[in-house]
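Visitor: No sequence on hand, only this structure:
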């Protein structure tokens, strides 16, 4: 606050803390000296200094770390409110100097000097503010600065920077940052889980599974590790193992809506449709805005021939997310099965308006047009589906060609 130099957004806890460290000794002596000075000023009938000092201490007290908030020892933002009191005193001091100058010779010259000094300090602080704003511009600039500014950056910084890279699709950099975090502390279950997630996004499922298992070995109650391990098992076709991991995640957190939805998906793959429906309903009860649960519930109802129920669930999903292309496509399938070809065509078109290269929607639209006897449009969309790599029914192709 006194000399804003080498500010870092994240100050990690020092590895070793000693009360005899010069930093702590000098700080303690300074606090006692300021407190004593304020009390001495009170005896002289000047209460402003004690009021300002008390305000500073009271506003700083909640973030002193007595009750720990976050993984940082301190943060620049913690000084925003406390800094009002010393800057108030500075302002009063400048006003007092201005008033005193008016009573002496060369007052114009001295006022100019005071004005120039105030302008220089203001310009300097404004410049530092602009520099600091760039650091806080976004998550990437924030955590990149922390990593570059601290010779021994904390593992949290690498973890967060890796998550930022992942969201931007920069998976190799994301993986690198998680590995750096684990090099600092190999027992970070969250970093192992993140690393596994990034491997899974690159289809390195065996590596992903290995990392999730490491996370679980460190923290057996890490629900996300169990959940993500279930996802990887599901992708590898190890459905029973996937069910086991989803159930472990739900044993830790019964209100894990995503785990319930994906458990339902695995039941559906195994043909256990009624159990899948039960899990989707539980997911919706937990999170009434879970669009994927509504969508998957609609799929299960469709498989059981409960078409009106399927339509109702698809519409609920679209009420949450009107741009859910797969829902429009599958809603079209239900309408087509019910013989409502115009409604089916409308939904397929809605799907393609959102997802232009959806080969399945082009194929379904071709079938719908064929069902209505519009062979010209059926041929157009059939050819488009083939161009996009969809395996169109050979019989449909033969009929349309003839």
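Guide: It's in. Values in this document were obtained by computation on a predicted structure and should not be read as measured data. Residues are numbered from 1 along each chain as shown.
Visitor: Can you read off the backbone torsions of residue 138?
Guide: phi -160, psi 180 (degrees, to the nearest 10).
Visitor: how much space between it and residue 169?
Guide: In this view, residue 138 and residue 169 are 16 Å apart by C-beta to C-beta, to the nearest Å. Backbone N, C-alpha and C define where each C-beta goes, glycine included.
Visitor: repeat for residue 122
Guide: Residue 122 is 43 Å from residue 169, by C-beta to C-beta.
Visitor: now do residue 178
Guide: 16 Å.
Visitor: Tell me how many other residues surround residue 154.
Guide: The tally of other residues near residue 154 (other C-beta atoms under 10 Å) stands at 20.
Visitor: all helices of the stretch 201-350 of the chain, in order?
Guide: 205-218, 223-235, 239-252, 257-269, 273-286, 291-303, 307-320, 325-337, 341-354 (DSSP state H, counting those that start in this stretch).
Visitor: and residue 102, which of those helices is closest to it?
Guide: Nearest of the helices of the stretch 201-350 of the chain to residue 102, taken as C-beta to C-beta: helix 223-235 at 67.3 Å.
Visitor: List the buried residues for that closest one?
Guide: 223-234 (16 or more other C-beta atoms under 10 Å).
Visitor: Quick one: residues contacting residue 358.
Guide: 325, 329, 351-352, 388 (C-beta atoms under 8 Å, 6 or more residues apart in numbering).
Visitor: Who has more neighbours out of residue 178 and residue 169?
Guide: Per other C-beta under 10 Å, whichever of residue 178 and residue 169 has more neighbours is residue 178, with 30 against 9.
Visitor: Could you check how far that one is from residue 273?
Guide: Residue 178 is 38 Å from residue 273, by C-beta to C-beta.
Visitor: returning to what we had before: is it possible to get TSV of the helices of the stretch 201-350 of the chain that adds distance to residue 160 and mean pLDDT?
Guide: Shown next, in TSV, are these (distance: least, C-beta to C-beta, whole Å; pLDDT from 0 to 100):
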stretch	distance to residue 160	mean pLDDT
helix 205-218	17	98
helix 223-235	16	98
helix 239-252	24	98
helix 257-269	22	98
helix 273-286	28	98
helix 291-303	27	98
helix 307-320	29	98
helix 325-337	32	98
helix 341-354	32	97
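Visitor: Would you mind putting those into CSV with distance to residue 50 alongside?
Guide: Formatted as CSV, these follow (distance: least, C-beta to C-beta, whole Å):
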stretch, distance to residue 50
helix 205-218, 51
helix 223-235, 51
helix 239-252, 52
helix 257-269, 54
helix 273-286, 54
helix 291-303, 58
helix 307-320, 57
helix 325-337, 66
helix 341-354, 65
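Visitor: Compare those and report which one is nearest to residue 117.
Guide: Closest approach to residue 117 among the helices of the stretch 201-350 of the chain (C-beta to C-beta): helix 223-235, 55.6 Å.
Visitor: ok, and for the longest helix that the chain contains, which residues are buried?
Guide: The longest helix of the chain (DSSP state H) is helix 107-135. Across helix 107-135, burial judged by 16+ other C-beta under 10 Å covers 110, 135.
Visitor: Could you do stretch 163-180 as well?
Guide: 163-166, 170-171, 173-178, 180.
Visitor: Check stretch 182-189 too.
Guide: 182, 184, 188-189.
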